[in-house]
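Peer 1: Sequence first, predicted coordinates after that:
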Amino acid sequence: MSKKGDMFYAWTSDAELAKKAECGGAVTSLLKFALEKKMVDGVFAVTKGQDIYDAVPVLITDPKEIDKTAGSLHCGTLLMSKLVKKYLDGASNMKIAMTVKGCDMMGLYELAKRQQVNLDNVIMIGVNCGGTVSPVTARKMIADKFGVDPDTVHKEEIDKGQFIIEYEGGHKGISIDELEEQGYGRRSNCRRCKLKVTRQADLACGNWGVIGDKAGKATFVEVCSEKGASLFDAAVKAGVLKTEAPNPKGLEMRTKVENAMLKLGDKWRAKDFASLGEGRERLKKIVKETSRCIKCYACIENCPICYCVECSTKKPYLVTPGQVPPNFMFHLIRFAHIADSCVNCGQCQELCAMDIPNALFMHAQQVELEKMFGHVPGVDMKLPLLALVEEREERDRLSATGSDQIFDIFK
Ligand code: FAD
Ligand code: SF4
Ligand code: SF4
Ligand code: SF4
Ligand code: SF4
């Protein structure tokens with residue numbers, strides 16, 4: 001019986017699936033097994049749409065369909081968590097197994113705190129995540145930097161610090177550092193992201209640490225919960241997955257790479273936040289940038305923290321209706337309501353019609369609040385801070401009430 005903290009090299013016993021999977025196919029095998037054994041009613045994962053720049057979320061109920069979700073789409077910048085709330089009724093009446101990157105998982109926790117997702121009904125199979133590239137940037141980068149027509153690319157991967165493409169006529173890799181120095185590469189929120197290994201999911205799967213003859217052929221699996229352990233053990237027992245102990249050198253390498261990624265995240269945070277200035281200067285920058293806003297609501301619609309049926313930004317006494325750009329209160333409302341819980345998923349920036357760096361603004365505020373109050377969003381069920389709460393003792397007192405509201409101010 002495996003337990004939290006155990007680690008394995010694991011690979012699928014299905015030869016056809018092994019060809020399609022990113023590394024060992026453990027993730028897809030586990031999802032398929034959970035569905036076949038009726039541990040879940042559906043699997044929520046990602047499949048390739050029109051091309052490699054088009055990551056499409058899919059709910060699968062027939063195990064025969066699962067193989068089409070194998071493989072990693074690094075130009076797929078979608079967030080899975082809000083979709084569970086929006087389209088699957090927060091998993092309130094169905095059990096699902098789903099693949100989660102760090103931001104997907106953090107979004108699920110924040111929604112669960114707000115009772116918008118029932119985590120008891122979700123098996124989270126986490127994947128390590130070094131970052132994603134916006135489809136628009138990816139196309140431009142492949143044309144400009146690789147000198148390749150983006151429509152001829154049929155495969156991309158990120159390996160050993162390189163972005164690698166396979167296209168009609170060859171393959172090419174360029175170092176991500178080099179690409180990022182020139183303004184290409186991963187989304188800016190991904191550069192700042194420090195949730196690299198999804199240890200708060202049920203299983204954390206990746207390729208870091210797989211070396212020797214299993215390199216590229218096995219998935220590195222870390223067991224992170226009892227739920228994860230039972231699924232993993234059952235799949236191994238049924239012969240769906242084969243396993244071996246990880247190579248000790250591989251373990252060391254995994255830790256080294258993770259630490260290097262965390263340092264890189266700190267470096268980008270320092271750089272990006274410094275570019276905003278502080279105090280009044282920062283405020284001025286935010287006011288200036290958000291003055292382009294056309295009130296399309298994409299930032300609110302796609303944010304995993306925004307869940308309210310009646311959003312305050314639509315209250316006429318707070319934000320004047322029919323006015324574009326909206327008064328600054330529109331953005332202030334979001335800062336006040338969600339800055340403490342922002343998980344830096346990047347959706348409010350990626351999908352902003354006016355390319356306003358909303359995620360940078362919000363993430364910068366979140367990190368400040370984290371420094372002040374010690375609250376880390378997205379990693380557990382601890383209730384969010386309330387803007388009214390000024391001291392850690394007060395926060396603790398509030399948590400003890402089991403509510404995130406001191407007063408019911410809406411009564
Ligand atoms: P498979 O059996 O091939 O299953 C892959 C699963 O990932 C499928 O369920 C698929 O639906 C899902 N998926 C694909 N694209 C996305 C997406 N954009 N968002 C959410 N789910 C998706 N591992 C590392 O060790 N280091 C890394 O830096 C790293 N970066 C990654 C970046 C991204 C964007 C993704 C999606 C994965 C990354 N991984 C990374 C994990 C790695 O690529 C494999 O997914 C993991 O090792 C499992 O391998 P597998 O063969 O078992 O997966
Ligand atoms: Fe991956 Fe983090 Fe970017 Fe999410 S925010 S895609 S977990 S690097
Ligand atoms: Fe994601 Fe933006 Fe919401 Fe933060 S504010 S959680 S970056 S959508
Ligand atoms: Fe709710 Fe505030 Fe987000 Fe509107 S901006 S959905 S009121 S959290
Ligand atoms: Fe304004 Fe951009 Fe939000 Fe749309 S997504 S409401 S343009 S800030």
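Peer 2: Done, it's in. Ligands and ions are numbered 1, 2, ... in the order given.

Peer 1: tell me the SS of residue 2?
Peer 2: coil (DSSP: H, G, I helix; E, B strand; the rest coil).

Peer 1: Might you report the residue contacts of it?
Peer 2: By Cβ atoms under 8 Å, 6 or more residues apart in numbering, residue 2 lies in contact with 8, 223, 229, 232, 233. Just so you know, the C-beta spots here come from the backbone N, C-alpha and C atoms, and that holds for glycine as well.

Peer 1: repeat for residue 261
Peer 2: By Cβ under 8 Å, 6+ apart, the neighbours of residue 261 are 130, 194, 196.

Peer 1: What strand or helix carries it?
Peer 2: helix 248-274 (DSSP states H and E).

Peer 1: Toward the C-terminus, what is the element adjacent to that helix?
Peer 2: The helix or strand immediately downstream of helix 248-274 is helix 279-290, counting by DSSP H and E.

Peer 1: Residue 304 against residue 111, yeah?
Peer 2: Yes - Residue 304 is within contact range of residue 111, at 5.8 Å (criterion: Cβ atoms under 8 Å).

Peer 1: Give me the more crowded residue out of these two.
Peer 2: residue 304 (30 against 22; other Cβ atoms under 10 Å).

Peer 1: Grab the nearest non-local neighbour of that one.
Peer 2: Spatial nearest neighbour of residue 304, chain neighbours left out: residue 107 (3.2 Å); criterion: Cβ to Cβ, 6 or more residues apart in numbering.

Peer 1: Show the backbone phi and psi for the one you found.
Peer 2: Backbone torsions for residue 107, taken as degrees, to the nearest 10, come to phi -60, psi -40.

Peer 1: For it, give me its contacts.
Peer 2: Here residue 107 is in contact with 79, 80, 81, 82, 304, 305, 343, 345, 378 (criterion: Cβ under 8 Å, 6+ apart).

Peer 1: Let me see the ranges of the strands in the stretch 151-300 of the chain.
Peer 2: Per DSSP state E, counting those that start in this stretch, the stretch 151-300 of the chain has strands spanning 153-159, 162-167, 170-175, 203-206, 219-223, 241-244. These are given in chain order.

Peer 1: How about residues contacting the second one?
Peer 2: For strand 162-167, the surrounding residues in contact (Cβ under 8 Å, 6+ apart) are 74, 133, 141-142, 146, 148-149, 152-158, 171-176, 179, 185.

Peer 1: and what of the last one?
Peer 2: The contact list for strand 241-244, computed with Cβ under 8 Å, 6+ apart, reads 8-13, 26, 29-30, 33, 214, 218, 221, 232, 235-236.

Peer 1: what touches both of residue 304 and residue 111?
Peer 2: 81, 82, 85.

Peer 1: Between these, which sits nearest residue 56?
Peer 2: residue 82 (15.4 Å; Cβ to Cβ).

Peer 1: Using PyMOL, make a named selection holding only the buried ones among the contacts of residue 107.
Peer 2: Of the contacts of residue 107, the buried ones go into a single PyMOL selection, burial set by 16 or more other Cβ atoms under 10 Å:
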select buried, resi 79+80+81+82+304+305+343+345+378
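
Peer 1: List, out of the contacts of residue 107, those positioned next to ligand 5.
Peer 2: When the contacts of residue 107 are checked against ligand 5 using Cβ under 6 Å from any ligand atom, none falls in range.

Peer 1: Which of the contacts of residue 107 scores worst on pLDDT?
Peer 2: Within the contacts of residue 107, residue 305 has the lowest pLDDT, namely 94.

Peer 1: so who does it touch?
Peer 2: Counting by Cβ under 8 Å, 6+ apart, residue 305 has contacts 107, 110, 114, 337, 338, 341, 342, 343.

Peer 1: would you turn the residues you listed into a markdown table with secondary structure and distance to residue 98?
Peer 2: Putting these into a markdown table (DSSP: H, G, I helix; E, B strand; the rest coil; distance: Cβ to Cβ, whole Å) gives the following:
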| residue | secondary structure | distance to residue 98 |
| --- | --- | --- |
| 107 | helix | 12 |
| 110 | helix | 16 |
| 114 | coil | 19 |
| 337 | helix | 26 |
| 338 | helix | 23 |
| 341 | coil | 21 |
| 342 | coil | 22 |
| 343 | coil | 16 |
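
Peer 1: Who wins on neighbours among those residues?
Peer 2: Using other Cβ under 10 Å as the neighbour criterion, residue 343 leads the contacts of residue 305 with 32 neighbours.

Peer 1: Please list all residues in contact with that residue.
Peer 2: Contact partners of residue 343, counting by Cβ under 8 Å, 6+ apart, are 103, 106, 107, 110, 304, 305, 377, 378.

Peer 1: can you check residue 306 too?
Peer 2: 300, 334, 337, 338.

Peer 1: For residue 242, give me the pLDDT.
Peer 2: pLDDT at residue 242 comes out at 98.

Peer 1: tally of neighbours for it?
Peer 2: 16.

Peer 1: Any figure for the gap between it and residue 72?
Peer 2: Distance of residue 242 to residue 72, computed by Cβ to Cβ, to the nearest Å: 21 Å.

Peer 1: ok, back up a step: please flag which of the contacts of residue 107 sit within helices.
Peer 2: Mapping the contacts of residue 107 onto helices (DSSP state H) picks out 80, 81, 82.

Peer 1: you'd agree the second one is up against residue 113?
Peer 2: It refers to residue 81. No - the pair residue 81 and residue 113 fails to qualify as a contact (Cβ under 8 Å) at a distance of 12.0 Å.
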